[in-house]
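Enquirer: model this:
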Amino acid sequence: MHDSPPVWVSGTGGQVTHPGELASDEIIDTASATIRFANGSVANYLMSDAGFSEALSKWFFVFNDGQQSAVLDRHFRRATITAPDPVSGELSTETFTPPFIDRMPLLLDAIRNDTETYTPARTGILATLVVENIIESIHSGRPQEIELPDVLRSQP
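Expert: All right, here's what the predicted structure looks like:
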């Protein structure tokens, strides 16, 4: 949706709902983060396993790019997209349930047949970099710049 690499994150949170119960005090069970992309767009990330809310699920993602927005929630079982109509410019909102995709057989098939995976490796690397930097921001109390490896800078 952003069509741009993540460049900066700021996170807060920590071990809030299970203090002293997890394998390490470094494990985070609650996080809130803002992710900024190279084109200036932002995403907000909220994660916690505390309690239950009918309005917001425990996995709640909001993406905004200045013209459209997407909300993913209920463990990615619901997506709400708001975007301007290409002709009238009026905003319209659509909520739908994406189909379930069992990705493990797709990954195994790609490995066995030496073909492209369902989700490119670049996507997984970027997601891992974002999560690592959110964790570092939470632990350090400071925003973090995301340093992309050269191989990721040259790809779209």
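Enquirer: mind pulling up the pLDDT for Ala55?
Expert: Predicted confidence (pLDDT) at Ala55: the value is 67.
Enquirer: before we move on, what about Leu72?
Expert: On pLDDT, Leu72 comes in at 86.
Enquirer: that one touches Arg78, doesn't it?
Expert: Yes: here Leu72 reaches Arg78: they are 7.4 Å apart, a contact under Cβ atoms under 8 Å. To be clear about C-beta, it is placed using only N, CA and C from the backbone, and glycine gets the same treatment.
Enquirer: who has more neighbours, the two?
Expert: Shown here are Leu72 and Arg78; by other Cβ atoms under 10 Å, Leu72 has more neighbours (18 against 14).
Enquirer: quick one, strands of the protein?
Expert: Here the chain has its strands, by DSSP state E, at 6-14, 30-37, 42-48, 59-64, 69-73, 78-84, 91-96, 144-145.
Enquirer: could you check how far the closest residue to Asn133 other than its chain neighbours is from Arg36?
Expert: Nearest residue to Asn133 in three dimensions, chain neighbours excluded: Gln144, at 4.2 Å (Cβ to Cβ, 6 or more residues apart in numbering). Taking Cβ to Cβ, to the nearest Å as the measure, Gln144 falls 11 Å from Arg36.
Enquirer: list residues touching both of those two?
Expert: Shared contacts of Gln144 and Arg36, defined by Cβ atoms under 8 Å, 6 or more residues apart in numbering, comprise Trp8, Val9.
Enquirer: so Asn44 bridges to which residues?
Expert: Thr34, Val62 (DSSP bridges).
Enquirer: hmm, Trp59 and His75 touching each other?
Expert: Yes: here His75 lies in contact with Trp59, judged by Cβ under 8 Å, at a distance of 5.1 Å.
Enquirer: more neighbours: the two, which one.
Expert: More crowded of His75 and Trp59, by other Cβ under 10 Å: Trp59, with 16 against 9.
Enquirer: that one reaches Tyr45, doesn't it?
Expert: No: with contact defined as Cβ under 8 Å, Trp59 does not reach Tyr45; the gap is 9.3 Å.
Enquirer: great, nothing more from me.
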